[in-house]
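# test case, fold it:
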Amino acid sequence: MKKIIFILCVLIITGGNLIAQKSLTDTTGSKTVGYFPSWHGNVSEIQFDKLTHINYSFLLPNHDGSLQPVENTYKLQSLVTKAHENGVKVSIAVGGWNDGDDSAFESISESTDKCKTFTHNLMDFIREYSLDGVDIDWEYPSPQTSGGYVNMMYILSDSLHNSGKLLTTAVAGTVWNEVDYPDSVFNAVDWINIMAYDNFDEQNHSTFSYAESCLHYWLDIRNVPPVKAALGVPFYGYSPYKGYNQIVYQYPEAPYTDHVGTYYYNGKNTIHKKTQLAVERGCGIMIWEIAQDTHDDETSLLTVIYDTFNGTYGIAEKKYFNIEIYPDPAQDYININFPEERVFDFGKIIDGQGKTIEIFELENNPQKINIGDFKPGIYLIMFRGIKNRATVKFIKK
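Presented below is the predicted three-dimensional model:
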């Protein structure tokens, strides 16, 4: 979903059911729903073992209920294959921010015939790509269009659930005068995704207190059942907008706080607390978006969510190690020196795209590493030992 400053994004999650015996909602376990965009990220890098649902984003509707071609169909097919091999459900997310243009949804929802055409086309799309459901992301239904929104969702719900598929809808963190989600729509969906981020203040766009306020609004004021409320968390920060993985790449200390440089985001501790809150009050966590996570367990936010759900997460005391990298910037080689006791066994060099370039054992002190074949840029070295971990960066000229 495209993030726009000062605009609350709305996402949607997998499906609801009007007929209880046909509902696919699993109320016995916590859901971890990750959005995966068509334009960004690699299927091979997804941690499928830590997810329950993935929403491929986005499929755009036309005003007459027809569908625009989805981007990167090969990527979608690969995603569905890999996800199903790992027991993960995949829905197609429809809509998104779309530069603030929701006119197609407005046009479809004003006519029952268009709603039926829209539903028919989505069912064909689901069958073609072996999908598990639909995620409607209308940003945003208004008091003038909310009646049509409910009608559209009920027509979708009947067809999807009669075919054993999921339906979800996204909701803003809280609601203002121009946005309207009638209570009746919650009977048509399996659960809602609460977009508890992109609040109006960039420095506080997704704080823990804001997550509490969002759940209070939807659960206590709007009376949405807890089994239908997934708390959204951001894998990005402001300002400007930047993915969590890129923030960590620039600032190796970023996972252990919520603010580095000019960026405000959710680090490991805040994601852990929000996941605990979701366990206590809702049905799970939703993520925008998983391609913005890091690829190692030490810094990965998805790993934090997974470990918290499984009761294995513990925030270890952060240790500081004296590690010297020289020369820096370097051209042909770097020296790695531990002035104090060396407590690491090996190192892993990662480039700016998060790809592993080299893994080496630490045998000497100092130790010389040849980087002559590396492309110019910034690199990270992740050091690992039995009990200790550290990350440093260097520049290749």
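
# kindly check the end-to-end length of stretch 56-76 for me.
7 Å (Cα to Cα, to the nearest Å).

# try stretch 378-390
End-to-end for stretch 378-390, by Cα to Cα: 17 Å.

# that one: which residues count as buried?
Across stretch 378-390, burial judged by 16 or more other Cβ atoms under 10 Å covers 379-384, 389-390. C-beta here means a position set from N, CA and C on the backbone, and glycine is covered the same way.

# again, but for stretch 159-171
In stretch 159-171, the ones that count as buried by 16+ other Cβ under 10 Å are 159-161, 165-171.

# what does stretch 109-120 give?
109-111, 114-119.

# how about these in CSV, adding secondary structure?
Shown next, in CSV, are the buried residues of stretch 109-120 (DSSP: H, G, I helix; E, B strand; the rest coil):
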residue, secondary structure
Ser109, helix
Glu110, coil
Ser111, coil
Lys114, helix
Cys115, helix
Lys116, helix
Thr117, helix
Phe118, helix
Thr119, helix
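
# averaged pLDDT, the helix or strand where Met286 lies. What do you get?
Per DSSP states H and E: Met286 is located in strand 284-288. Averaged across strand 284-288, the pLDDT comes to 98.

# still on that earlier bit, and of the buried residues of stretch 159-171, the nearest to Tyr265?
Closest approach to Tyr265 among the buried residues of stretch 159-171 (Cβ to Cβ): Ala170, at 20.8 Å.

# show me the buried residues of stretch 159-171 that map onto helices.
Counting by DSSP state H, these place 159-161 in helices.

# from these, which is closest to Glu324?
The closest of these, once distances to Glu324 are taken by Cβ to Cβ, is Leu160, at 59.0 Å.

# any idea how far Met153 is from the spatially closest residue to that closest one that is not a sequence neighbour?
Spatial nearest neighbour of Leu160, excluding adjacent residues (Cβ to Cβ, 6 or more residues apart in numbering): Leu167 at 4.7 Å. Separation of Leu167 from Met153 (Cβ to Cβ, to the nearest Å): 7 Å.

# what helix or strand is Gly41 located in?
Going by DSSP H and E, Gly41 is not part of any helix or strand.

# pick out the most distant pair among the buried residues of stretch 159-171.
Most distant of the buried residues of stretch 159-171, by Cβ to Cβ, are Ser159 and Val171, 21.9 Å apart.

# parallel or antiparallel, which strands does the host helix or strand of Ile349 pair with?
Element membership for Ile349 (DSSP H and E) is strand 346-350. In its sheet, strand 346-350 lies beside strand 356-361 (antiparallel), strand 377-384 (antiparallel), with partners assigned from DSSP bridges.

# Lys348 and Thr356 touch, don't they?
Yes: Lys348 is in contact with Thr356 according to Cβ atoms under 8 Å; the separation is 5.8 Å.

# OK, contacts around Pro367?
Quick fix: residue 367 reads Gln, not Pro. By Cβ atoms under 8 Å, 6 or more residues apart in numbering, the contact set of Gln367 is 335-337, 360.

# repeat for Thr303
Contacts of Thr303 (Cβ under 8 Å, 6+ apart): 47, 50, 297.

# more neighbours, Lys348 and Thr356?
Ranked by neighbour count (other Cβ atoms under 10 Å), Lys348 and Thr356 place Lys348 first, with 16 against 12.

# partners of the more buried one in the sheet?
Ile359, Met382.

# what's the following helix or strand after the strand holding Met286?
Assigned by DSSP H and E, the successor of strand 284-288 is helix 301-309.

# next, the angle from that following helix to strand 284-288.
Relative orientation of helix 301-309 and strand 284-288, computed by axes from the mean of the first three to the mean of the last three Cα atoms, to 10 degrees: 180 degrees.

# list the buried ones in helix 301-309?
Buried, per 16+ other Cβ under 10 Å, within helix 301-309: 301-309.

# closest one to Ser30 out of these, please.
Phe309 (5.1 Å).

# which residues sit in contact with that closest one?
30, 32, 275, 279.

# all strands of the stretch 1-150 of the chain, in order?
Using DSSP state E, counting those that start in this stretch, the strands found in the stretch 1-150 of the chain span residues 31-37, 53-59, 89-96, 133-138.

# ranges for the strands of the stretch 151-300 of the chain?
166-172, 191-195, 229-234, 236-237, 242-243, 259-260, 263-264, 284-288.

# could you dump these to a markdown table with distance to Asp183?
Shown next, in a markdown table, are those (distance: least, Cβ to Cβ, whole Å):
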| stretch | distance to Asp183 |
| --- | --- |
| strand 166-172 | 12 |
| strand 191-195 | 12 |
| strand 229-234 | 14 |
| strand 236-237 | 31 |
| strand 242-243 | 35 |
| strand 259-260 | 38 |
| strand 263-264 | 34 |
| strand 284-288 | 21 |
